[in-house]
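Novice: quick check, what structure comes out for this input:
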Amino acid sequence: MVNGSFGFPVAKDRTLALGEVHARPYPLIDSPRVVLQLAFMTDGGASVDNAVLAELARARGVAAPQADARHYVMNWGTGSLRWERHTEFSTYLYEGPVPARFGGEIVDHPFGDGFSPPGSLISGVRLEVRKWADDAEDMVATFDPASLCFSELEDGAAAAVTDFRQDKDGLTRILLLDKGLSAARTGMIAQRLIEIETYRTLAMLGLPLANSLSPQMRRIEDGLTVVTQRMRQDAKSESDTMLGDITALAAELEAGAAASLYRFGASRAYDSIVQERIASLNEKAVAGYGTWGGFLQRRLAPAMRTCRSIEERQANLSRKLARATALLRSWVDLQLEQQNSELLQSMNRRAKLQLRLQQTVEGLSVAAVSYYVVGLVGYVAKAARDSGLPVNPSLATGVSVPIVVLVIWLLVRRIRKRHKDADAR
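Specialist: Residues are numbered from 1 along each chain as shown. This is a model prediction of the structure:
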């Protein structure tokens, strides 16, 4: 066997495909611990992330990740730092010991003054895993009751608490209460809770874009209404102008649709991930408190519906513009056909006039040629008389006129008939 494949040739990406299943294992977290995760947009490309990781690795005296790596783990004091690269963002997750009190200052973490962010911060989460003890109510009381979400997980073996608000460092606070979870289950739940907040934030990026596109959509719809009203009144006389107006509206619409295509698609994908993560929690409501799923359904679903509404308006408006453009083009084509018909009629009249002129010219040419031929006959007759022949030049010239005219006319007619037969063939 070669690589466990019985000596068969191995596909180029087989190793990557198999390894992706185990690429991002859940961290093993023992209670109590604190988890900080920062998500940065990677507008600058992978090279910026690699430079940041290389600097962190040098500071810790460990080997930097390879340039094509998508995940990396290094020890950081009594904790660890995990890095992952995603499609349009990357995450830095630090896991370490908790401070003495809930929400207290974390002393040793990698995001201090020496940390150079690879891009703009899009999401920040602070999750503390604490034992579910008598002081749990005091920790829950530090959250904002207006948006407090408190759900039991793992059949009562854990609870997740948050208010989706940010602390003084700009991080969303999450409290995970542990009542007998294993390190693997704690790490799995912690990662799911963090992913809910991260992907919830990324999904909401589509809402500002949708709100900015709404006035543009309204303006294009109003412009289409004006043009269609004009089409009912002056479609034939102003079809070219109206076609230009509709083309400008269609170009503006397509520009906005192209700019929003990726963002709206990404928002849908992130929203589906959030829904999957919430469903996997199997949360149970705690009396007197809201659940994570219920809160996000009220806050996230309207934003996603707004994005879908803008997409649908773009698609419907594009179809309407296409129909109006096709109608105007049909009128323009009809006008062109009428102009072509008038042009052909004009060319036909011009051809008839040219034919009549040609026939007139042919008659004149017969007379002109006959005149010259009769003159030649006169010269010949005079020459014959001077040479002693009994020829009367005047009589010979006069007799030759009808004969010459008839011969020239027959010759011209024969030539014209030959050309006509050639054209017919």
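Novice: how far is the host helix or strand of residue 262 from where the chain is centred?
Specialist: Assessed by DSSP states H and E, residue 262 sits inside helix 239-281. With C-alpha atoms, centre = their mean, to the nearest Å as the basis, helix 239-281 stands 8 Å off its chain's centre.
Novice: got a list of contacts for whichever helix or strand comes after it?
Specialist: Remark: after helix 239-281, the chain's next helix or strand is strand 284-285, criterion DSSP H and E. Residues from elsewhere that reach strand 284-285 (C-beta atoms under 8 Å, 6 or more residues apart in numbering): 151, 152, 153, 156, 291, 294. In this view, the C-beta of every residue, glycine as well, is placed from N, C-alpha and C.
Novice: identify the farthest-apart pair in those.
Specialist: Taking C-beta to C-beta as the measure, these span a maximum distance of 18.7 Å, between 156 and 294.
Novice: looking at the two, which is more packed in?
Specialist: Just comparing residue 156 and residue 294: by other C-beta atoms under 10 Å the higher neighbour count belongs to residue 294, 15 against 12.
Novice: returning to that earlier point: and the helix holding residue 262, what does it pack against?
Specialist: Under the contact criterion of 3 or more C-beta pairs under 8 Å, 6 or more residues apart in numbering; DSSP states H and E, helix 239-281 touches helix 183-203, helix 206-234, helix 292-386.
Novice: quick check: which of these is buried the most?
Specialist: Between the helices and strands packed on helix 239-281, the one whose residues have the most neighbours on average, counting mean count of other C-beta atoms under 10 Å, is helix 183-203 (a mean of 22).
Novice: quick revisit: next, format the helices and strands packed on helix 239-281 as JSON lines and append mean pLDDT and distance to residue 44.
Specialist: Conversion of these to JSON lines gives the following (pLDDT from 0 to 100; distance: least, C-beta to C-beta, whole Å):
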{"stretch": "helix 183-203", "mean pLDDT": "94", "distance to residue 44": "18"}
{"stretch": "helix 206-234", "mean pLDDT": "87", "distance to residue 44": "21"}
{"stretch": "helix 292-386", "mean pLDDT": "83", "distance to residue 44": "26"}
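Novice: residue 30 is nearest to which of those helices?
Specialist: Minimum separation from residue 30 across these (C-beta to C-beta) falls at helix 183-203, 5.1 Å.
Novice: just checking, what packs against that closest one?
Specialist: Judged by 3+ C-beta pairs under 8 Å, 6+ apart, helix 183-203 is in contact with strand 33-41, strand 89-96, strand 121-131, strand 158-166, strand 172-178, helix 239-281, helix 292-386.
Novice: counting contacts, what elements does whatever helix or strand residue 404 lives in pack onto?
Specialist: Mapping residue 404 onto the secondary structure by DSSP H and E places it in helix 393-424. Applying 3+ C-beta pairs under 8 Å, 6+ apart, one finds that helix 393-424 contacts helix 292-386.
Novice: direction-wise, compare the helix it packs on with helix 206-234 and give the angle.
Specialist: When axes from the mean of the first three to the mean of the last three C-alpha atoms, to 10 degrees is applied, the directions of helix 292-386 and helix 206-234 differ by 40 degrees.
Novice: quick one on the thing from earlier: distance to residue 258 added to the helices and strands packed on helix 239-281, as CSV?
Specialist: CSV is the format used below for the helices and strands packed on helix 239-281 (distance: least, C-beta to C-beta, whole Å):
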stretch, distance to residue 258
helix 183-203, 21
helix 206-234, 12
helix 292-386, 10
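Novice: which one of the ones you listed lies nearest to residue 8?
Specialist: Of all the helices and strands packed on helix 239-281, the one in closest proximity to residue 8, counting by C-beta to C-beta, is helix 183-203 (35.3 Å).
Novice: now residue 111, what's its secondary structure?
Specialist: For residue 111, the assignment made with DSSP: H, G, I helix; E, B strand; the rest coil gives coil.
Novice: what number of residues lie near it?
Specialist: A total of 16 residues lie near residue 111 under the criterion other C-beta under 10 Å.
Novice: wait, it touches residue 52, no?
Specialist: No - with contacts counted by C-beta atoms under 8 Å, residue 111 stays clear of residue 52, the gap being 11.2 Å.
Novice: can I get the helices and strands packed on helix 183-203 in CSV with distance to residue 198?
Specialist: Shown next, in CSV, are the helices and strands packed on helix 183-203 (distance: least, C-beta to C-beta, whole Å):
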stretch, distance to residue 198
strand 33-41, 5
strand 89-96, 7
strand 121-131, 5
strand 158-166, 12
strand 172-178, 9
helix 239-281, 9
helix 292-386, 13
